[in-house]
Structure formats: structure tokens, C-alpha cells
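Enquirer: sequence first, predicted coordinates after that:
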Amino acid sequence: MDLRDALPEFVLTIILVISTLVLVLRLWQDITIAVSATLMMLSLGGLFLIFGAKITVLSRTLVDRERGIRLNLIETQEVLAGKYDETVAQIDAIIQDFQRRLYR
């Protein structure tokens, strides 16, 4: 995952942690609750970052597989077109041979 692509997610995670810390410190004045809530929000933000990275990897994998399938289809199409042309040429040769025999 590119750092430029993940920058908004990092900023949102930092905002999430800071806002949680400010909220908890304002409400209870207990450092244990503030630290645990901050760690909880930090882990939640990290989880979002991991999900984003995995989705990016899956998207790239899907694009690569799609490209591979497309190339295989094009190659198969070319092979089948060649076989079709070869078969048509053989049938034309057979028809020409029959026509020569009929005119003799």
C-alpha cells in the first residue's frame, strides 16, 4: 500500500484517537480509562488501515487475474481463428477438387 494512498486513513485514525482521548479526559478525569479508550480507538483505527490494505491487495490481484484471463481469451481466439481459416482452406481445396472432377 502506497503511503500517499493511505495518508487520509492515517489522518483519520489520528483524529479518531485524539478525539477519543479528549472526550474521555473531559468526562472522567481518570487516566486508566483514557488510556484504555485511546488504545481501543487506536486498535480500531489500525484495523481499518489493515482492511484498507487488504482490499487494495485484493483489488490489484483481481485486476491482474482479469488481465491474464483477457490475454488468454485473446490467444485462444487467435488460435481458433487460425484453425478456422485452415479448415476453410481445406474445405475450399476439397470443393475445388470435386469441381475439377465434375467438369472432366
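Expert: Yep, it's here. Numbering: from 1, shown residues only.
Enquirer: can you pull out the low-pLDDT segments for the chain?
Expert: Within the chain, the ranges that satisfy pLDDT under 70 run 1-3, 25-29, 104.
Enquirer: what about the residue nearest the centre of the chain, which helix or strand?
Expert: In the chain, the centroid-proximal residue (Cα atoms, centre = their mean) is S59; its distance is 1.5 Å. Using DSSP states H and E, S59 maps to helix 31-103.
Enquirer: now do that helix: which elements does it pack against?
Expert: helix 3-28 (3 or more Cβ pairs under 8 Å, 6 or more residues apart in numbering; DSSP states H and E). To be clear about C-beta, it is placed using only N, CA and C from the backbone, and glycine gets the same treatment.
Enquirer: list the buried ones in the helix it packs on?
Expert: 9, 13, 16-17, 20-21, 24 (16 or more other Cβ atoms under 10 Å).
Enquirer: now do the helix holding S59: distance to the chain's middle.
Expert: 11 Å (Cα atoms, centre = their mean, to the nearest Å).
Enquirer: got the angle for it vs helix 3-28?
Expert: Interaxial angle of helix 31-103 relative to helix 3-28 (axes from the mean of the first three to the mean of the last three Cα atoms, to 10 degrees): 150 degrees.
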